[in-house]
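> Here is my input, please return the structure:
(one chain, ligands or ions: 1)
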Amino acid sequence: MTMTSLRTVAVSAIALAAALCANAANAESAGLTLTPAPAKAVRAEGTFKLSAATRIAFAKGDVEARGVANQLADLIRRSRGFRPVVVEGPAPGAIVLTREGPAGEAYKLDVAPGGVTIAAAKRAGLFYGAMSLWQLATPDAAKGPVAIPAAAIEDAPRFAWRGLMIDSARHVQSLDTLKAVIDAMAAHKMNTFHWHLVDDQGWRLEIKKYPKLTQVAGWRHDPGAAVKDPKYGGFYTQDQARELVAYAAARNITVVPEIETPGHALAPIVAYPELGTAAPDASHMGDWGVFPWLYNTDDATFAFLDNVLNEVMDIFPSPFIHVGGDEATKEQWQASPKIQAKIKELGLKDEHELQSWFIQRVGKSLDKRGRRLIGWDEILEGGLAPNATVMSWRGIDGAIAAAKAGHDTVLSPHPTLYLDHRQSGSWEEPTGRGKIITLKDVYAFDPAPAQLTPDERKHILGVQANVWTEHMQTDIRMQQMAFPRAIALAERGWTREADISWDDFARRLPAEMARLKVLGVTANTIPFEPSPKLSAGEGGKTRLDLSAPLGVGEVRYTTDGKAPTTSSTAYAGPLELAAGATVKARTFVDGQALGRERVYKVDPASLNTRVSGQLKRCTSQVPLLMIDDAPAAFDKRAMFDVDIFNPCWIWEGAELPKGALLTARIGQIPFNFQVGKDRDKIPLRAPATPGGELEVRLSCTGERIAAIPLGDSAKNPALSTVSGRLPAQAGKVDLCLSFTSKTLDPFWVLERVTVKPAN
Ligand code: ACM
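You can find the predicted model right below:
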């Protein structure tokens, strides 16, 4: 054995011993329901009884501690239904907030039968100690008094930046919704709310000097076939933004505003065309994708940005101001003689160096007020001011390059931390992008890339998940996409690597879901719940698969109509059921329900119908889960699961020995995607009739066996139903379904298909 390997063994043994010690003292072995798991938690004998008679005490004159005490009392009232009394000065047997504790965001929490102490030198630490105590008081959804297990907790964060980005540009959320999101973040010790306030689709922050930013650029015409209201949008007044900043600050959350430059700038250029290099077209403000409109480089444009950023900095005390920098495609700069002359005048090589110069110039406005610039990882291209911070979104390569170049960086990589992707393969998932990023995928994200040395890793400020809202038309959908996944990231941002345990995190999920509900956010339950898959069983029976997509806990079910409980039969494999049978099923973790009870009535006829999400996409280039935009209450609208680069679906394993009647419910979505030249790659098959057809092939490259005319369906903005006969086929066949059309408008999508075999 060489000296080096001996040394490695010795070091590993010490590391292993340290890890074992840490494990022995962490929340997993302590069995507590604390999320994020704390650095150290040791259980002791007995419990502390929290009831309406409990007092929360703070030292005389400690205004900050009084505030935290009241926040804790309010949360206890919301979850348990009673409010402990907050008292100033000594109070034996109380929950006592004291400043004799660790600095920064760290805290100590001692729970003993005779009283509780939350100790932290700073308000942030006191607040986090209070959040931990609230979590210990909410191990489940029950109301009334609770016995909190005695424990000694010493806790501090792993990373300084524990962020969540909400996109309020594509769809606007109410201030109340954003406050609920902030409550949920704070309860899980997240401390950075990145507010995406500006994009091509809308400008959302009142700027007093430029009223047209909100009067004009705050509104758009949504291109949905039947959404006739030309005024979709809205904005936040400066007073509202200040209200949110204060609300967040009281919960140890910094609001980092983002004003996008030089791209994603259609909206401000619509309001003030002199800011751009090409005439804006407001009709595109309802599109999605990467737009060509960029700010120009006139002095007047920088004066505009300087004025805007000054108002922004007046509202947001955040040390960081986000200036965007992503996806600024350079066609307009390439086509503009004025911009080309500017590149020459500055002695720059190309448009990338001009973007770098642009960002550095914007950064000067921030420097003047002692703020730090942060931008998406494209700001690295062409050079960067030394104090600029890089938010890595195109994977983590940007973070690695930034850290190696000595820049601070935040990890928010696509796809793992992009919460606009769906959370499971269930067809019931809310709208979003089609790749599956599960709660477990987010939890498994490694925030310490092996490519970096320990010194370089010091530049990683932390982690952030991003909620882009193109396909989240409602506040509820935004919350369902953000939660519970944001909680998994909260743990990755706070908890040390040695204490990361998916199994332990999963054990805490029922408590987490109950807490999120109390905090007023609607979290997605679908991945936890039994997800029915029906198929033909033996002897005319129907086979029902009840597995839950995420596989957390165990599914239990009944067939006698009773609600499933922890003592109901555990699901161990597909059930063979007769027509008319009713199955009630639910997931349980450690004796607590997780997700809703689901009820399935076995109807063999339903085997003949599949919604688009139960069909197979022919390809998955840009898969989206979209809603129909025909006029109806949002949550009654049909869902389409479609690859927008190839709208084509496969019904696998159809049996039609005597032929079948195929009935399809179809809809149309506006093709409002800015995909540049890729648009030409979307296959268009020539129609044979004026209204086009739904074509059916035997596998996508095989023989066409039916072409069902769509007739006048294009005139109907809502769902239409078409049907036609399929000829007899031997054995099992895969039916490939696609539409003919001369243009991308109408863009046909399948909502559901019924294949009823002839007999
Ligand atoms: C981004 O997703 N364009 C930052």
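
> interface residues of this protein facing the ligand?
Within the chain, the positions near the ligand by C-beta under 6 Å from any ligand atom are 326-327, 376, 393. For glycine as for every other residue, the C-beta is placed from the backbone atoms N, C-alpha and C.

> what do you get if the cut-off is 8 Å, keeping everything else the same?
Listed as neighbours of the ligand in the chain under the rule C-beta under 8 Å from any ligand atom: 264, 326-327, 376, 391, 393, 412, 414, 418, 466, 468.

> quick one: least confident helix or strand in the chain?
Least confident element among the helices and strands of the chain, by mean pLDDT, DSSP states H and E: helix 3-25 (a mean of 36).

> burial count for residue 448?
12 (other C-beta atoms under 10 Å).

> phi, psi of it?
The phi and psi torsions at residue 448 (degrees, to the nearest 10) take the values phi -130, psi 80.

> how near is the closest residue in space to it that isn't next to it in sequence to residue 400?
Once flanking residues are discounted, residue 448 sits nearest to residue 457: 5.8 Å by C-beta to C-beta, 6 or more residues apart in numbering. Distance of residue 457 to residue 400, given as C-beta to C-beta, to the nearest Å: 10 Å.

> Please apply the same query to residue 461.
14 Å.

> what's the answer for residue 557, then?
48 Å.

> next one: residue 139
In terms of C-beta to C-beta, residue 139 sits 40 Å off from residue 400.

> what does the average pLDDT come to for the host helix or strand of residue 456?
Element membership of residue 456, judged by DSSP states H and E, is helix 454-457. For helix 454-457, the mean pLDDT works out to 95.

> after it, next one along is what?
Counting by DSSP H and E, what follows helix 454-457 is strand 460-467.

> so who does the residue of the stretch 551-700 of the chain at minimum distance from the ligand touch?
The minimum distance from the stretch 551-700 of the chain to the ligand, using C-beta to the nearest ligand atom, falls at residue 674 (12.8 Å). Counting by C-beta atoms under 8 Å, 6 or more residues apart in numbering, residue 674 touches 284, 287-292.

> One more: residue 427?
Here residue 427 is in contact with 611-614, 639, 641 (criterion: C-beta under 8 Å, 6+ apart).

> Now it: closest residue in space that isn't a chain neighbour?
Closest residue to residue 427 apart from its sequence neighbours, by C-beta to C-beta, 6+ apart: residue 613 at 2.8 Å.

> Then residue 739?
Per C-beta to C-beta, 6+ apart, closest to residue 739 is residue 748, 3.9 Å.

> do residue 307 as well
residue 209 (5.1 Å).

> Need the three-state assignment for that neighbour.
coil (DSSP: H, G, I helix; E, B strand; the rest coil).

> quick one: the helices in the stretch 101-250 of the chain?
Under the criterion DSSP state H, counting those that start in this stretch, helices of the stretch 101-250 of the chain are mapped to 123-136, 175-187, 212-215, 238-249.

> who does the helix or strand hosting residue 302 touch, helix- and strand-wise?
Assigned by DSSP H and E, residue 302 belongs to helix 299-315. Here helix 299-315 touches helix 238-249, strand 254-261, strand 320-324, helix 351-367, going by 3 or more C-beta pairs under 8 Å, 6 or more residues apart in numbering; DSSP states H and E.

> per-residue confidence for the residue lying closest to residue 48 once chain neighbours are set aside?
Closest residue to residue 48 apart from its sequence neighbours, by C-beta to C-beta, 6+ apart: residue 148 at 4.7 Å. Note for residue 148: predicted pLDDT of 97.

> where do the helices sit along the stretch 301-450 of the chain?
Using DSSP H, counting those that start in this stretch, the helices of the stretch 301-450 of the chain run over 331-335, 337-345, 351-367, 397-404, 439-443.

> give me every residue that touches the residue of the stretch 401-550 of the chain found nearest the ligand.
At 6.1 Å from the ligand, residue 414 is the closest residue in the stretch 401-550 of the chain, using C-beta to the nearest ligand atom. Listed by C-beta under 8 Å, 6+ apart, the contact set of residue 414 reads 393-395.

> Just the buried positions in the helix holding residue 302, please.
301-302, 304-305, 308-309, 311-313, 315 (16 or more other C-beta atoms under 10 Å).

> okay if I get the residues you listed as CSV plus pLDDT?
Output for the buried residues of helix 299-315, formatted as CSV (pLDDT from 0 to 100):
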residue, pLDDT
301, 98
302, 98
304, 98
305, 98
308, 98
309, 98
311, 98
312, 98
313, 98
315, 98
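
> Show me which of those residues is closest to residue 432.
Residue 432 lies nearest to residue 312 out of those, by C-beta to C-beta, at 29.3 Å.

> What's the local residue count around the closest residue to residue 561 other than its chain neighbours?
Distance criterion C-beta to C-beta, 6+ apart; nearest residue to residue 561, sequence neighbours excluded, is residue 582 at 6.0 Å. Each residue near residue 582 was counted by other C-beta under 10 Å, and the total is 13.

> Show the contacting residues for residue 582.
559, 561, 599-602 are the contacts of residue 582 under C-beta under 8 Å, 6+ apart.

> how about 10 Å then?
558-561, 599-602 (C-beta atoms under 10 Å, 6 or more residues apart in numbering).

> again, but for residue 109
Contacts of residue 109 by C-beta under 10 Å, 6+ apart are 34, 38, 41, 95, 101, 116-120, 128-133, 136, 151-155.

> is it in a bridge, and if so with what?
Listed by DSSP bridges, the beta-bridge partners for residue 109 are residue 118, residue 153.

> ok, now how distant is it from residue 245?
Counting by C-beta to C-beta - residue 109 and residue 245 are separated by 28 Å.

> Can you verify my assumption that residue 313 contacts residue 370?
Yes: at 9.4 Å, residue 313 counts as touching residue 370 under the criterion of C-beta atoms under 10 Å.

> how many other residues sit next to residue 106?
Around residue 106 there are 20 residues (other C-beta under 10 Å).

> Low-confidence stretches in the stretch 551-700 of the chain?
Counting by pLDDT under 70, the stretch 551-700 of the chain has low-confidence residues at 630-636.

> Now do the strands in it.
554-558, 569-570, 575-577, 582-589, 592-601, 609-611, 616-617, 623-627, 639-643, 648-655, 660-669, 673-674, 693-698 (DSSP state E, counting those that start in this stretch).
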